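Novice: Quick one, fold the following:
(2 chains, ligands or ions: 3)
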Amino acid sequence: MPASTGSSFILDDPAPLVEALLADGWRVIGPKLGDGAIVYDEIESASDMPRGLTDEQEGGRYRLREGDPNRWFDYVVGPQSWKKYLFPARQKLWSAEKGDNGFAIEPHEDDFPKTALFGARACEIAAIEVQDRVFDNGDFTDSGYKRRREATLIVAVQCARSAATCFCASMNTGPSADSGFDIALTELDDGGFFVECGSDRGAAILDRIGPAEAGTAELEAANAVTLKAAGMQTRSMPDNIPALLRENLDHPRWAEVAERCLSCANCTMACPTCFCSDVEDVNDLSGDHAERWRVWDSCFTLDFSYIHGGSVRRSTLSRYRQWMTHKLSSWHDQFDTSGCVGCGRCIAWCPVGIDITEEAAAFAAEPLAQEG
Amino acid sequence: MAKPKLAVWKFSSCDGCQLSLLDCEDELLDIAGQIDIAHFLEATSEIKNGPYDISLVEGSITTPHDVERIRKVRENSKVLITIGACATAGGIQSLRNFADVKEFTNIVYAHPEYISTLEKSDAIADHVKVDFELRGCPVSKHQLLELITATLAGRKPYVPNASQCMECKRAGTVCVMVAKGTPCLGPVTQAGCGNLCPSHGRGCYGCFGPKENPNPPALSAHLSELGMASREVRDFYRSFNAGAPEFAKESTSHE
Ligand code: SF4
Ligand code: SF4
Ligand code: SF4
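Specialist: Numbering: from 1, shown residues only, chains lettered A, B, ... in the order given. Ligands and ions are numbered 1, 2, ... in the order given. Predicted structure coming up:
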């Protein structure tokens, strides 16, 4: 039976899917073993993926461990996110050449071949959808982002386990994605994959393989897998966090967390939804050639809040508060969604293990009394 | 318009930063085409008199003679830019700031009475007004070129003062402290080296000195958790930028 949106299949392993994508001309980006962590990089076959590894994550700590050698996806999210492809850390925006009639500006378009993101987790798809609202929202379109996004196909992996840093269940973003993918895989406990088709593009890829149809037994087994992953989560975010933060801008906890915070910006760089950037203008020695580059920036730097006369947010307190209140509270006003998807990266990759859920819990435990 | 006159000065230092300038081989001819290199002993013995439009100063102030000389350099320079950790923070030789320099000279020299030296190794800015400080031990070739290019173009050089961690994350380098427990000064150190150590699996040594608004006590607490003894934490901050005020204060608190 040909695949269509909503149809489901079974596969023994992910190899035929990677092969089908490559045969159809897709660049495939997937999980790979980096220097001590799972990173995202180009893969040329399923065997490039770190089969058999699992991760252990805590505040400020990440370790890879040998796991069941037969399991393909027993690790969760690592230090990098797909934003490194959709919203690159450094991108050239334009160059300018001095001629007889002043400068001629040449916009720059990076080369972005059609790309399959292989192994995107539910929280990561949610994060991409958050960035979609930032970069392509009707009022404003970032043409480079839109071009890259349209050339992207998503193969989701539904999570079979959670790390101690995960809290997607409380953000309603995971551990299983209902939409936003072209194909989704769930690695079943007894081996094999439950495969969901999420789009026509996904169907075209699946039809190249012609996998066997899945039955209710496999569907139930797949649901049990992600339910178990959700049950493993120990961290959570309180539901009333947007109002809670808004009402506690003068809470003494901000000063307390600022004592521990390094204003190093790791949390924002690792966060899959953080979208801030700086522009860097360069020219050559002759002054005849100039370029403008866009680079990832962070609300944790002094220059970020620099306006005429100086920087507005000089203290770490004001920077941490800006980050957390934007992420969890004012983002709702701005983009109609939370800026946090509960991936836990800011917890694990904070060098000193500052934990956004622990900070939220501190406000919830002792909120300032409200006037009136 | 006459080409701007550039002078390069050396104080107490190893010449490494001047070598970074000579290392700009591909660009050096272009630089020579735009600038009149009027004083640069490391490169040429030809000396033209001041005043100079731009003075690049390498090295720290360690003798009474240095104090006199830097004042003359300042008087003769429109723009004075310090290059490297010695000139901006006193360099590795500022380790003397934490000890008794007389004791050193007595041990090292046969005739210590001939040695005329200051108690401390000072940054250039401790003695004269500095227009811009370029960090690093040694400075980065990329930043040095950016500085020269920007100065010639009359714009502000793009030299961010945020953390080394930002270089890691932009480059996709896996954090060595989080993934391996390797001590790293990156969270309190200014970016600029091009992510050298972390991208080779090493912790940052702090060559570019303190970032803006650093929080060494919070980092030190974590370094202790990673197993560093107090003395090791002290020595971690005491290298090329030992004399930078924020690092000096932190190392002293682990005496
Ligand atoms: S704020 Fe933290 S947990 Fe939330 S999406 Fe960003 S990195 Fe993930
Ligand atoms: S919360 Fe952690 S990662 Fe974020 S700026 Fe502070 S110390 Fe760095
Ligand atoms: S390796 Fe060091 S500099 Fe890089 S992110 Fe980690 S703590 Fe920061």
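
Novice: where's A:Ala204, which helix or strand?
Specialist: Assessed by DSSP states H and E, A:Ala204 sits inside helix A:200-209.

Novice: where's that helix relative to the chain centroid, distance-wise?
Specialist: Remark: helix A:200-209 is offset 25 Å from the chain centroid, using Cα atoms, centre = their mean, to the nearest Å.

Novice: what helices or strands is that helix leaning on?
Specialist: Helix A:200-209 makes packing contacts with helix A:15-23, strand A:152-158, strand A:183-187, strand A:193-197 when contacts are defined by 3 or more Cβ pairs under 8 Å, 6 or more residues apart in numbering or on different chains; DSSP states H and E. The way it works is simple: take the backbone N, C-alpha and C, and place the C-beta from them, glycine included.

Novice: tell me the average confidence for it?
Specialist: Taken as a whole, helix A:200-209 carries a mean pLDDT of 97.

Novice: residues of that helix that come out buried?
Specialist: Judged by neighbour count using 16 or more other Cβ atoms under 10 Å in any protein chain shown, the buried positions of helix A:200-209 are A:201-206.

Novice: Closest one to B:Leu134 out of these, please.
Specialist: Minimum distance to B:Leu134 across these is 50.5 Å, recorded for A:Arg201 (Cβ to Cβ).

Novice: Am I right that the closest one is in contact with A:Arg208?
Specialist: No. Counting by Cβ atoms under 8 Å, A:Arg201 stays clear of A:Arg208, with 11.8 Å between them.

Novice: From A:Ser162, how far out is A:Gly59?
Specialist: Computed as Cβ to Cβ, to the nearest Å, the A:Gly59 to A:Ser162 distance reads 15 Å.

Novice: of all the helices and strands packed on helix A:200-209, which lies closest to chain B?
Specialist: In terms of Cβ to the nearest Cβ, the element of these nearest to chain B is strand A:152-158, at 18.4 Å.

Novice: got the contact list for the next helix or strand after the closest one?
Specialist: Next in sequence after strand A:152-158, counting helices and strands by DSSP H and E, comes helix A:168-171. Residues from elsewhere that reach helix A:168-171, judged by Cβ atoms under 8 Å, 6 or more residues apart in numbering or on different chains: A:122-123, A:126, A:162, A:174-175, A:230, A:233, A:235-237, A:239, A:338, A:340-343.

Novice: and ligand 1, which of these reach it?
Specialist: A:340-343 (Cβ under 6 Å from any ligand atom).

Novice: Tell me how far A:Arg246 lies from ligand 2.
Specialist: 20 Å (Cβ to the nearest ligand atom, to the nearest Å).

Novice: what about the residue in the stretch 1-150 of chain B that chain A sits nearest to, helix or strand, and which?
Specialist: Here the stretch 1-150 of chain B gets closest to chain A at one residue, B:Asp30, 4.5 Å apart by Cβ to the nearest Cβ. Per DSSP H and E: B:Asp30 is located in helix B:25-34.

Novice: Where do the strands of the stretch 51-200 of chain B begin and end?
Specialist: B:52-58, B:77-83, B:132-134 (DSSP state E, counting those that start in this stretch).

Novice: The first one pairs with which strands, parallel or anti?
Specialist: Translated: strand B:52-58. In the sheet, strand B:52-58 lines up against strand B:5-10 (parallel), strand B:77-83 (parallel) (DSSP bridges).

Novice: do the last one as well
Specialist: Using DSSP bridges, the strands paired with strand B:132-134 are strand B:77-83 (parallel).

Novice: then the partner strand to CSV, C-alphas only?
Specialist: Extracted as CSV, the C-alpha positions of strand B:77-83 are listed here (Å, rounded to 0.1, in the frame of the first residue of the first chain):
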residue,chain,number,x,y,z
SER,B,77,51.5,59.3,19.7
LYS,B,78,48.1,60.3,18.5
VAL,B,79,46.6,56.9,19.2
LEU,B,80,48.2,54.5,21.6
ILE,B,81,47.1,50.8,21.4
THR,B,82,48.5,48.2,23.7
ILE,B,83,48.9,44.7,22.3
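
Novice: quick one on the thing from earlier: tabulate the buried residues of helix A:200-209 (CSV), appending distance to B:Thr63.
Specialist: Shown next, in CSV, are the buried residues of helix A:200-209 (distance: Cβ to Cβ, whole Å):
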residue, distance to B:Thr63
A:Arg201, 72
A:Gly202, 73
A:Ala203, 78
A:Ala204, 76
A:Ile205, 73
A:Leu206, 77
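
Novice: Let me know the pLDDT of A:Met1.
Specialist: On pLDDT, A:Met1 comes in at 77.

Novice: what's around it, how many residues?
Specialist: Look at A:Met1: counted by other Cβ atoms under 10 Å in any protein chain shown, it has 9 neighbours.

Novice: how near is it to chain B?
Specialist: The gap separating A:Met1 from chain B is 41 Å, by Cβ to the nearest Cβ, to the nearest Å.

Novice: Likewise for A:Tyr85?
Specialist: 11 Å.

Novice: That residue belongs to a helix?
Specialist: Yes. According to DSSP: H, G, I helix; E, B strand; the rest coil, A:Tyr85 belongs to a helix.

Novice: my guess is it contacts A:Arg27, does it?
Specialist: No. When contacts are counted by Cβ under 8 Å, A:Tyr85 is not listed as touching A:Arg27 (9.6 Å).

Novice: Name the residues contacting each of those two.
Specialist: Residues touching both A:Tyr85 and A:Arg27 (Cβ under 8 Å, 6+ apart) are A:Thr115.
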